[in-house]
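Enquirer: Got a predicted model here, sequence first, then my questions.
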Amino acid sequence: MIEARGLTKRFGSKLAVNQVSFTVLPGQVTGFLGPNGAGKSTTMRMILGLDRPTAGHVTVNGRHYSRLAAPLREVGALLDAKSVHGGRSAHHHLLCLAQSNGIPRERVDEVLDMVGLQAVARKPTRGFSLGMGQRLGIAAALLGDPAVLMFDEPVNGLDPEGIHWIRGLMRKLAAEGRTVFVSSHLMSEMAITADHLVVIGQGRILADTDMQDFIDRNATSHVLVRSPQMSELGPLMAARGWRVEMVADLSLKVFGARAAEIGDLAADHGMRLHELATVQPSLEEAFMQLTGDVVEYHAGLPEPPPPPPPLGDAPAPPGNGDLP
Amino acid sequence: MSDKTPHDPTPDDAAPNGAAPNGAALEDTRPSRRGMEDTKPRRPAPRELTPRASFANVLLSEWTKIRTVKSTFWTLLSGAAVVVGFSALFALAFTSSYDDLPPAERATVVPTSPMQIAFYFGMVIFGVLGVLVITGEYATGMIRTALTAMPRRPEYLLAKAVVLALVVLVAGLVVSFLSFFVSQAVLSAKNLDGSLGDEGVLRAVIGGGLYLTLIALLALGVGVILRHTSGSVVTVFLVLFVLGIVGGFLPGEWGATIAKYLPSNAGGAILLPRAEEGSLEPWTGLGLFALYALVVLVVALVLFQSRDA
C-alpha cells in the first residue's frame, strides 16, 4: 500500500506536485494518469525517496521508503527504462542489485527468464533496444518478489507482443494481491489495465476513483441509430425526452436512452432500423474533458500557460521528507 | 558464491524509535505483530519479516559493480603503465645526465626520485577511476536504480568508498613496488639505486600505494559533488597537477611555504625517503592530503544526502 499525504514538490518557482494525497491499495491495478509534465514521475520519485518532498510525506507499507529494511524485497520500481550502466551486462546489473538487498543470485536468472532476456543476459546493456531496456527494468522490479510494484510508463517502446505481455503481468501481479501502481499518459492503456484511477494534472489530483465511475462521470454514453425512416423516428424519440443529435443523413446520436428502448420504440411503430449500437465513451474523451484546461503543453502553443498561483502555506524546510 | 543469509541479525530499523515511547509513533514504523490488537485492519497481514539489507550486502554489490565495468580495468592498467613507464624513463634520464649534474643537484637524487616524478604524471589517472565510479552512475541514470535499491545514502557512499579504496590500494601497491624495482634496475647503472631496507625507502614505496588510494577517494568526492565526468576529471587535474606546478612559481619564502601545503606537494612528500627542503615530513604531508580528501568527502556526503537523485 502506498499512502501520499499533502505531497508537494517545488522546483524553483514551478510547483511540480501540489498537495497531492492518495492511497494505492493492494489487489488491484491503480492507474496514475496525466498528461506529460503533470507530475507523475516526480510523484513516483518522491515515493521512492529519490526526490525529497518540499512538503507532505509518502509511505510505502506504512514506512518512509528510506526506512524499508530491504527496499527491493518490498517495492519494485520501473522508472526510466535506461537507468542502467550501459557497460555492464544485464546479468551483472541485476546481480549487483540483488546482492545489495541480500536476494539469492539464482533469482537473477529467474527474472531474466520471466522477461525473456536470457539470451542477451551477458551482453552490455548499451546495445539494448528501448523495449529490451524496458524488460530489463521490469526484471529489476520483480527481483525481490515485492508486494508493491510501480511502473512509470511501462509500455513505452514495447512492441505489441510486449505490450500484451506487460498488461497480463500487471493484472497477474494485482490478482496475487500485490499493490500495482502504473503511470501512463495513454488513456486507452489505462482503460485496459487499471481498476482504479488517480488522475493528475498540473501537479494536482483531479480524480481518485473507480475506473467505471470515472468514465460514467466524465463522459456520457449514447446510442447510434441508423434508419431509412429517420424523419419519423427522430421526433418520436425526442418526444420521449431523449436528446437527439443528427450525425449524418441517416444516423442519429441518442442520449439518455438504452438501445433496447429505442429498438422497442421502432418496432412498436413498425419502423426499420439499419443500425443500433451503444457507443461507450472512451477514457480518452473522459480524460480530455477533465484535463482540457490543465494540460501543460498544448500543441501549437508557443508558451505553456502560467503556473497556478503559489500556495499560501510556507513550504516546510527541506529534509523533513525523511521523517516517517 | 551464493549469499544466502549474510544479513545481520539486528532488528530492522531500531534507530529512531527510542525517542517515541508512546505506541502511536511506533505503530507506523513497525509491521504489526500477530497476537496484538491490530489497530489498522485495512493494512494487510505482514509477510515474513524481511531481513535488513546489511552493509556487507552493499559492499558485495559495490564490488560486483566495480569489477563488471571495463573502465575499471582500463584506467588501472593505463595508470600503471604511465607510472611504471615514467619511473623507468626518468630513471634513465637521471643515469644519463648524472655525470653532468652540478654536485648540489646530485645530492638531491635519491632512489625514489624517478618514482616521485612518475607518480606526479600518473596520479590523475587513478583519480579518474574515483570519478568514474560515481559519475558513470549519474551519466547513465544508474544512480536512481542504485539508490532505489539502497536508499540509505551515507551507507551507499561509504560502501562505494570502501570498495574503491581497497581496489586502488591493491593496484596502487603493485604499481608502487613495480615502479620502485623497475627504476632501481635502471639506476643501478650509475650505482644510484637503493633497496627496500634503506632508511625510509619501504615507507616511501608503501606510502605510494596509500597516496594513490587517497587520490581516488578525493576524486570520488569531487565526482559526487559535480556529478559530471568531464568536469570532475578536469577539477581533479587542476587540483592535483596544475596547482602543484603553480606552487613552484610562487615567489619568495611565503610562496615556498604555501607550495608545500598544496595537495599534490603535500601528498608527494611520502615518496621521498626523508623530507627535503621545501617539502613536509612524509607522514605529515600524506596526513594533510588525507585531510583534504576527508574534507571533500564530507562535503560530498552532505550534498549527496540532501540533493535529489
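Expert: Thanks, I have it.
Enquirer: Provide the secondary structure category for residue 171.
Expert: All of this is about chain A. helix (DSSP: H, G, I helix; E, B strand; the rest coil).
Enquirer: right, and it touches residue A:195 too?
Expert: No. Using CB atoms under 8 Å, residue A:171 is not in contact with residue A:195, being 9.2 Å away. Using the backbone N, CA and C atoms, a C-beta is placed for each residue, glycine as well.
Enquirer: For the two, list the residues in contact with both.
Expert: residue A:29 (CB atoms under 8 Å, 6 or more residues apart in numbering or on different chains).
Enquirer: number of nearby residues for the spatially closest residue to residue B:192 that is not a sequence neighbour?
Expert: Once flanking residues are discounted, residue B:192 sits nearest to residue B:109: 6.1 Å by CB to CB, 6 or more residues apart in numbering or on different chains. For residue B:109, the tally of surrounding residues (other CB atoms under 10 Å in any protein chain shown) stands at 17.
Enquirer: Check the gap between the residue nearest to residue A:8 when sequence neighbours are not counted and residue A:12 for me.
Expert: Spatial nearest neighbour of residue A:8, excluding adjacent residues (CB to CB, 6+ apart): residue A:55 at 4.1 Å. Look at residue A:55 and residue A:12: by CB to CB, to the nearest Å, they are 16 Å apart.
Enquirer: Among the two, which residue is more densely surrounded?
Expert: Neighbour count, other CB under 10 Å: between residue A:55 and residue A:12, residue A:55 has more, with 22 against 6.
Enquirer: Next, give phi and psi for the more buried one.
Expert: The phi/psi pair for residue A:55 (degrees, to the nearest 10) reads phi -150, psi 160.
Enquirer: That one contacts residue A:5, correct?
Expert: No. Under the criterion of CB under 8 Å, residue A:55 is not in contact with residue A:5, lying 9.9 Å apart.
Enquirer: what does the stretch 151-300 of chain B put close to chain A?
Expert: Within the stretch 151-300 of chain B, the positions adjacent to chain A are B:151-152 by CB under 8 Å from any CB of the partner chain.
Enquirer: so what does the helix or strand where residue A:188 lies touch, helix or strand wise?
Expert: Per DSSP states H and E, residue A:188 falls inside helix A:187-193. Counting contacts by 3 or more CB pairs under 8 Å, 6 or more residues apart in numbering or on different chains; DSSP states H and E, helix A:187-193 packs against strand A:29-33, helix A:160-175, helix A:211-218, helix A:283-291.
Enquirer: pretty sure residue A:39 contacts residue A:202?
Expert: Yes. Counting by CB under 8 Å, residue A:39 touches residue A:202, with 7.4 Å between them.
Enquirer: List the contacts of the residue nearest in space to the middle of chain B.
Expert: Note on chain B: the residue nearest the mean C-alpha position is residue B:217, at 2.4 Å, using CA atoms, centre = their mean. Each residue near residue B:217 by CB under 8 Å, 6+ apart is listed here: B:130, B:161, B:164-165, B:293, B:297.
Enquirer: how much space is there between it and chain A?
Expert: 21 Å (CB to the nearest CB, to the nearest Å).
Enquirer: Could I get the pLDDT score of that residue?
Expert: Residue B:217 carries a pLDDT score of 98 in this model.
Enquirer: for residue B:254, same thing?
Expert: So, for residue B:254, pLDDT stands at 89.
Enquirer: Show me where the stretch 51-200 of chain A has its helices.
Expert: With DSSP state H, counting those that start in this stretch, the ranges of helices along the stretch 51-200 of chain A come out as A:71-74, A:90-100, A:106-115, A:130-142, A:160-175, A:187-193.
Enquirer: Can I get the ones you listed in JSON lines including mean neighbour count?
Expert: Shown next, in JSON lines, are those (neighbours: other CB atoms under 10 Å in any protein chain shown):
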{"stretch": "helix A:71-74", "mean neighbour count": "24"}
{"stretch": "helix A:90-100", "mean neighbour count": "25"}
{"stretch": "helix A:106-115", "mean neighbour count": "17"}
{"stretch": "helix A:130-142", "mean neighbour count": "23"}
{"stretch": "helix A:160-175", "mean neighbour count": "17"}
{"stretch": "helix A:187-193", "mean neighbour count": "19"}
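Enquirer: Now the ones you listed in a markdown table, please, with extra columns for mean pLDDT.
Expert: Listed next are the helices of the stretch 51-200 of chain A as a markdown table, based on pLDDT from 0 to 100:
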| stretch | mean pLDDT |
| --- | --- |
| helix A:71-74 | 96 |
| helix A:90-100 | 97 |
| helix A:106-115 | 96 |
| helix A:130-142 | 93 |
| helix A:160-175 | 93 |
| helix A:187-193 | 83 |
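Enquirer: how about the ones you listed in JSON lines, adding distance to residue B:98?
Expert: Formatted as JSON lines, the helices of the stretch 51-200 of chain A follow (distance: least, CB to CB, whole Å):
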{"stretch": "helix A:71-74", "distance to residue B:98": "62"}
{"stretch": "helix A:90-100", "distance to residue B:98": "51"}
{"stretch": "helix A:106-115", "distance to residue B:98": "59"}
{"stretch": "helix A:130-142", "distance to residue B:98": "60"}
{"stretch": "helix A:160-175", "distance to residue B:98": "71"}
{"stretch": "helix A:187-193", "distance to residue B:98": "77"}
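Enquirer: Among those helices, which comes closest to residue B:288?
Expert: helix A:90-100 (34.7 Å; CB to CB).
Enquirer: Pull the residues that contact the closest one.
Expert: Residues contacting helix A:90-100 (CB under 8 Å, 6+ apart): A:72, A:84-85, A:88, A:103-105, A:107-109, A:111-112, A:117, A:120-123, A:125, A:128, A:136, A:139-140, A:143-144, B:3, B:53, B:57-58, B:60-62, B:64-65, B:68, B:145-146, B:149-150.
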